[in-house]
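Peer 1: one predicted model, sequence on top.
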Amino acid sequence: MKKKETICTISSTRLSFLYAVAFLLIIACISIQNEAYTASQPNILIITLDTTRADHLPCYKYPHPTMPFVCSLAQTQGTLYEKAFTTAPITFPAHVSLFTGLEPQKHLMLDNGLFKMGTEQETLAKILKKTGYSTYAYISAAILDRIYGLDAGFDLYDDNIRMGKREYFNFKERAASQVVDSVLRNLDSWKKPYFAWIHFYDPHDPYLPPPPYDKQFKNPYDGEIAFVDAQIKRLFEVLKSKNKWQQNSDWAFILGDHGEDLGDFNEIRHGILITPATIEIPLIVLSPGASGKRIRNVVSITDVAPTILNLLNLWDEKTKSKMNGTPLTSASQKRSPIMITTMMPFFSFRWSPLIGELDYPHLFIKGSKNELFNIETDPKMKTKLNDKDKQAFTFLNNSLEKIKKQLITKMNPSVQNNEKREQLIALGYTGTVSKNMPKDPFIMPDARDKVYIYKEFLESKHFVTEGKWNDALTKFSSLAKADPSNTLILNNLATIYENMGDIKKSEDILLKVKDLIPDMDYPYLDLGEFYVRQNKLDEAEKYFKIGLQKNKRYVDIFNALFQMAINQQNMDKAYELLKQAQNNGVKDIELSIFYAIVSRNKGMWQDAFNALKDAELLDPTDERIAIEKVNVTCKPATTIKDKCIPTLQTLNSEVKKAAEIWAAAAEWYSSKKQFPQSLYCWLEASRRPASHPLLPRIIPQNIQQLQAQGITPEAPDWAR
């Protein structure tokens, strides 16, 4: 009672002090609560290294410094998993396993370019989005285009794949530097907590690392890996400088999607066989408090999603029942066997698919024949254990037999009209589907017996690219006899016969390819282009139109039809084709620029400007876009000329070398009666090469006319 009296007689000064203390305590409590909230939702980064073998990283005992930065992260703030495996030796199925925690026999996305994830499929991005994460993805190859469904759950899915510099990259992909550039362009808009996925494709063939990495290693494949490492270092440096990455709270998962054969098992690349070279992957986890720990237990790519969900207290019984993987934190336990699947032999070559079961160290592989290996004592898979370990053979065979029967009933592709087919073919993936396929693909020739054909094909391609037609004919005729329904070989044989002057044989082979795979789009492109070269334009147009029925977004067909219309001087038809491509959602820089030019010539200035904005999204560095934007915004007749000066202000020094730029600017200043600036621009145009045939005559005429009026040149602000 006395104590209460004392409290009641506290002076007003002390009472104010106590209120102040209480207020500070409340603020402190709020701060602690907010800090706890942040810690419970760390930023999460996943970096996937396409086609990267674990044993080509120095932290996996490789003798060359291919990934010094990533390995230093593993040593100072990470955990390295020495025995990590993928579920598919091919990009799209492996990434689906990564983000769903499911093996291919469960998620059924069985090959590149032929399957699309259903909207009902739960993914890591979808789950994290529901829990308050901002989600971002940056993709570097057409194989992971949003059409295949992995974009679901991402606030931003940056798959603007464009041509890299031609001396380094000669097909549809983004270099690691371009991917990081894209990340850095909008990094400031990332909201915390974030989940970001960044995909690097460079180690995929062809191996063409940029300088100095092209000279740094004997094997150019290693140079590609080193180039990616340098870009990851650049990425982390900026993340840290902008407070987007904190070692004491955030998590990162750096892993491969699959490996690369490199000739170890006569496959050269990947996707056909199931071997240690293509299924072992690097896996490094950066986490608070980790420092150079190495885990020898077997883990799977499917364990990453459960690990993240477990970290966020979302790994409940319901979630567990939907995934094959388990959190990496429980990796000390012996895991259940890992299922591995590749359907590429079937869809690309009409060979038997392969399914595998890894009950480490045993690897059992089922195709049209069954084989058992111990990949720990026999990593080169020289000795079959079919008879030596009958118990393991019988157990694994029975297990895979059930999965095989399930796959046979569910392996129908879900992307029949593949809108990225032309890009996948450029990447070396030739997946095809035909109504004539057998009900049981496992009775077809075993991929392990036929892989030498693929190896010889890769080794013989240079005869075709170098135009050594006699050598090419000898080689590809032999391959066609060994594998008569291989459309990849047949297409090359058709090219060879055409270049040797045997047009009838070439035509017959192309028609045979079309009959072998009538549901696919690219045989109709090949036939159309063939008939264009033979000047049979009606036949060409017929097959091009069939191809567009199969694939309404086939860029190469639209380009071919557009070129035919231009050659026939039918501008209305050319414009309608470009409009159709735009309406079909075709994203192609050439078509967008063509559409802008044709629209400008028709006086449809806003349509032209919008097309150029589409082109700029595909490649903001393309100088043709800037030149055409000046034409669109600075021509006196345009209705959007208020954009002229802003457009000119953005020009770089390279673009300013074009006479067309200065001529367009000169015309605009004349229309505004700003003749000193106009004369300055005409004089600049006269000093530069002009590609437009009329400019060499127009430029001096305008200079003489303005000088005759006593005008003196004055440089505009943007030109100084």
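Peer 2: Received it, and whenever you're ready, just let me know what you need.

Peer 1: setting aside sequence neighbours, what's the nearest residue to the one residue sitting closest to the centre of the chain?
Peer 2: Nearest to the mean C-alpha position of the chain, by CA atoms, centre = their mean, lies residue 141 at 1.8 Å. Closest residue in space to residue 141, ignoring its immediate chain neighbours: residue 201 at 4.1 Å, by CB to CB, 6 or more residues apart in numbering. In short, each C-beta sits where N, CA and C put it, glycine included.

Peer 1: check residue 458 too.
Peer 2: Spatial nearest neighbour of residue 458, excluding adjacent residues (CB to CB, 6+ apart): residue 268 at 5.3 Å.

Peer 1: got the phi and psi for residue 365?
Peer 2: The main-chain torsion angles of residue 365 are listed as degrees, to the nearest 10 and equal phi -120, psi 130.

Peer 1: for the stretch 1-150 of the chain, which segments count as helices?
Peer 2: Along the stretch 1-150 of the chain, the segments classed as helices by DSSP state H, counting those that start in this stretch run 2-8, 12-40, 68-77, 91-100, 104-107, 124-130.

Peer 1: I meant the stretch 551-700 of the chain, not that one.
Peer 2: In order along the chain, the stretch 551-700 of the chain carries the following helices (DSSP H, counting those that start in this stretch): 555-567, 571-583, 589-601, 605-618, 623-634, 644-649, 659-671, 675-686, 695-708.

Peer 1: let me know the angle separating the first one from helix 571-583.
Peer 2: Comparing the axes of helix 555-567 and helix 571-583 via axes from the mean of the first three to the mean of the last three CA atoms, to 10 degrees yields an angle of 160 degrees.

Peer 1: and helix 555-567, what does it pack onto?
Peer 2: Secondary structure elements in contact with helix 555-567, counted by 3 or more CB pairs under 8 Å, 6 or more residues apart in numbering; DSSP states H and E, are helix 522-533, helix 537-550, helix 571-583, helix 589-601.

Peer 1: recalculate using a threshold of 10 Å.
Peer 2: Using 3 or more CB pairs under 10 Å, 6 or more residues apart in numbering; DSSP states H and E, the elements in contact with helix 555-567 are helix 421-426, helix 522-533, helix 537-550, helix 571-583, helix 589-601.

Peer 1: likewise the last one?
Peer 2: For helix 695-708, the packing partners by 3+ CB pairs under 10 Å, 6+ apart come out as helix 659-671, helix 675-686.

Peer 1: show me which positions of the shortest one end up buried.
Peer 2: Put plainly, it is helix 675-686. Neighbour counts using 16 or more other CB atoms under 10 Å place 675, 677-686 of helix 675-686 among the buried residues.

Peer 1: ok, so of these, who is nearest residue 409?
Peer 2: For the buried residues of helix 675-686, the minimum distance to residue 409 (CB to CB) is 68.1 Å, reached by residue 685.

Peer 1: which residues are in contact with that closest one?
Peer 2: With contacts defined as CB atoms under 10 Å, 6 or more residues apart in numbering, the neighbours of residue 685 are 658-666, 695, 698-700, 702-703.

Peer 1: leaving out chain neighbours, which residue sits closest to it?
Peer 2: In space, not counting the residues next to it along the chain, residue 685 is nearest to residue 662; the distance is 3.6 Å by CB to CB, 6+ apart.

Peer 1: if I pick that neighbour, what's in contact with it?
Peer 2: The contact partners of residue 662, taken as CB under 10 Å, 6+ apart, are 630, 648, 656, 680-688, 690, 695, 699, 719.

Peer 1: and the least confident of those?
Peer 2: Lowest-confidence member of the contacts of residue 662: residue 690, scoring 78 (pLDDT).

Peer 1: surely it meets residue 682?
Peer 2: No: applying CB atoms under 10 Å, one finds residue 690 not in contact with residue 682, separated by 11.8 Å.

Peer 1: mind listing the helices for the stretch 401-550 of the chain?
Peer 2: Counting by DSSP H, counting those that start in this stretch, the segments of the stretch 401-550 of the chain that form helices are 421-426, 447-465, 469-482, 487-499, 503-516, 522-533, 537-550.

Peer 1: could you dump these to TSV with distance to residue 98, mean neighbour count and mean pLDDT?
Peer 2: What follows is the helices of the stretch 401-550 of the chain, written out as TSV (distance: least, CB to CB, whole Å; neighbours: other CB atoms under 10 Å; pLDDT from 0 to 100):
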stretch	distance to residue 98	mean neighbour count	mean pLDDT
helix 421-426	20	22	52
helix 447-465	24	18	89
helix 469-482	35	16	95
helix 487-499	28	22	93
helix 503-516	34	17	94
helix 522-533	29	22	94
helix 537-550	31	18	93
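
Peer 1: same list, those, but as a markdown table with distance to residue 308 please.
Peer 2: Converted to a markdown table, the helices of the stretch 401-550 of the chain look like this (distance: least, CB to CB, whole Å):
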| stretch | distance to residue 308 |
| --- | --- |
| helix 421-426 | 29 |
| helix 447-465 | 34 |
| helix 469-482 | 46 |
| helix 487-499 | 39 |
| helix 503-516 | 44 |
| helix 522-533 | 39 |
| helix 537-550 | 39 |
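
Peer 1: right, and those helices - which one's nearest residue 304?
Peer 2: So among the helices of the stretch 401-550 of the chain, helix 421-426 is nearest, using CB to CB, at 25.4 Å.

Peer 1: can I get stretch 292-311 in PDB, CA atoms only?
Peer 2: As requested, C-alpha coordinates have been extracted for stretch 292-311 and formatted as PDB (Å, rounded to 0.1, in the frame of the first residue of the first chain):
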ATOM      1  CA  GLY A 292      32.700 -23.300 -45.900                       C
ATOM      2  CA  LYS A 293      30.700 -26.400 -44.800                       C
ATOM      3  CA  ARG A 294      30.700 -29.300 -47.200                       C
ATOM      4  CA  ILE A 295      27.900 -32.000 -47.200                       C
ATOM      5  CA  ARG A 296      28.500 -35.400 -48.700                       C
ATOM      6  CA  ASN A 297      25.000 -36.700 -48.400                       C
ATOM      7  CA  VAL A 298      23.100 -37.200 -51.700                       C
ATOM      8  CA  VAL A 299      20.600 -34.400 -52.400                       C
ATOM      9  CA  SER A 300      18.400 -33.500 -55.300                       C
ATOM     10  CA  ILE A 301      17.400 -30.400 -57.300                       C
ATOM     11  CA  THR A 302      13.900 -31.000 -55.900                       C
ATOM     12  CA  ASP A 303      15.200 -30.300 -52.400                       C
ATOM     13  CA  VAL A 304      15.600 -26.500 -53.000                       C
ATOM     14  CA  ALA A 305      11.900 -25.600 -52.900                       C
ATOM     15  CA  PRO A 306      11.300 -27.600 -49.600                       C
ATOM     16  CA  THR A 307      14.300 -25.900 -48.100                       C
ATOM     17  CA  ILE A 308      13.000 -22.400 -48.800                       C
ATOM     18  CA  LEU A 309       9.500 -23.400 -47.600                       C
ATOM     19  CA  ASN A 310      10.900 -24.900 -44.400                       C
ATOM     20  CA  LEU A 311      13.000 -21.700 -43.800                       C
END
